[in-house]
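1. I'd like to go over a predicted model; first the sequence, then the structure.
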Amino acid sequence: MKSFFLSSIIVAVTALLFASCKTDDTRTLAEEGDSKAQYELGVMYQNGEGVPQNYSKAVKWFRQAAEQGDSNAQYSLGLKFSVGHGVPQDYTEAAKWHRESAEQGNTDAQLSLGRMYDRGNGVPQNYAFAYMWLNLAAAGGLEKAESYKDILSQKITKEQITEAERLSKEWMKRRAKNQ
């Protein structure tokens, strides 16, 4: 029984030391300007992994990485603005960051942006744009986007769907050309 207890303590201490080292390494890289480390540190603050949960600090690190073009950080920053975690809720700012990420092909951001166009949150309501972004997210393999697209297709016209599909094809051609 004592050896089991001692083994458990050793495993717990080792895990804590590893988490602490990982946090220190990530913080050092983030402070040196590494966008991947900045994003990772933002996630750690968001989730309280190795550091106390702090949405304001998560936003700080997401913003630094997002401004360097990190798609995941842009999407995460957009989410923070959508719900008001660590920043005042601001749908316009959320849409800006979701668009930055969506334009890079992030399917989660495309889904979010599509839903924002559907509702008119932070952008003018536009069903063709909503369907376009949902269509792109679904084409990228995001199953939830397909469900939202099906729901949206019930409330928009066939002409809007045709326009959205045309816009989707144009976007995919532009993206393929720029890669």
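-> That came through, no problem. Numbers count the residues shown, from 1 in each chain.

2. helix, strand, or coil at the residue nearest the centre of the chain?
-> Geometric centre of the chain, nearest residue: Tyr75, 2.7 Å, by CA atoms, centre = their mean. Here Tyr75 is recorded as helix under DSSP: H, G, I helix; E, B strand; the rest coil.

3. now the element after the lowest-mean-pLDDT helix or strand in the chain, going C-ward?
-> Taking mean pLDDT, DSSP states H and E as the measure, helix 2-31 is the helix or strand of the chain with the lowest mean score, a mean of 62. Toward the C-terminus, helix 2-31 is succeeded by helix 35-47 as the next helix or strand (DSSP states H and E).

4. which parts of that next one are buried?
-> Neighbour-count burial for helix 35-47, with 16 or more other CB atoms under 10 Å as criterion, is recorded at Ser35, Ala37, Gln38, Tyr39, Glu40, Leu41, Gly42, Val43, Met44, Tyr45, Gln46. To be clear about C-beta, it is placed using only N, CA and C from the backbone, and glycine gets the same treatment.

5. quick one, what contacts Asp25?
-> Not one residue lies near Asp25 by CB atoms under 8 Å, 6 or more residues apart in numbering.

6. how's this protein carved up into domains?
-> For the chain, automatic domain parsing gives the domain ranges 19-89, 93-179.

7. looking at the last one now, give me its mean pLDDT.
-> Right, domain 93-179. Domain 93-179 carries an average pLDDT of 96.

8. quick one: terminal-to-terminal distance for it?
-> Domain 93-179 has an end-to-end distance of 27 Å (criterion: CA to CA, to the nearest Å).

9. any idea how far that domain is from the chain center?
-> Counting by CA atoms, centre = their mean, to the nearest Å, domain 93-179 is centred 15 Å from the centre of its parent chain.

10. next: the shortest one.
-> The chain centroid and the centroid of domain 19-89 are separated by 11 Å, computed with CA atoms, centre = their mean.

11. helices of this structure, start to end?
-> Secondary structure of the chain (DSSP state H): helices at 2-31, 35-47, 55-67, 71-83, 91-103, 107-119, 127-139, 143-153, 158-178.

12. and the contacts of stretch 134-151?
-> Outside stretch 134-151, the residues within contact range by CB under 8 Å, 6+ apart are 102, 105, 107-108, 110-111, 114-115, 118, 131, 152, 164-165, 168, 171-172.

13. recalculate using a threshold of 10 Å.
-> 102, 105-115, 117-118, 130-133, 152-153, 161, 164-165, 167-169, 171-172, 175 (CB atoms under 10 Å, 6 or more residues apart in numbering).
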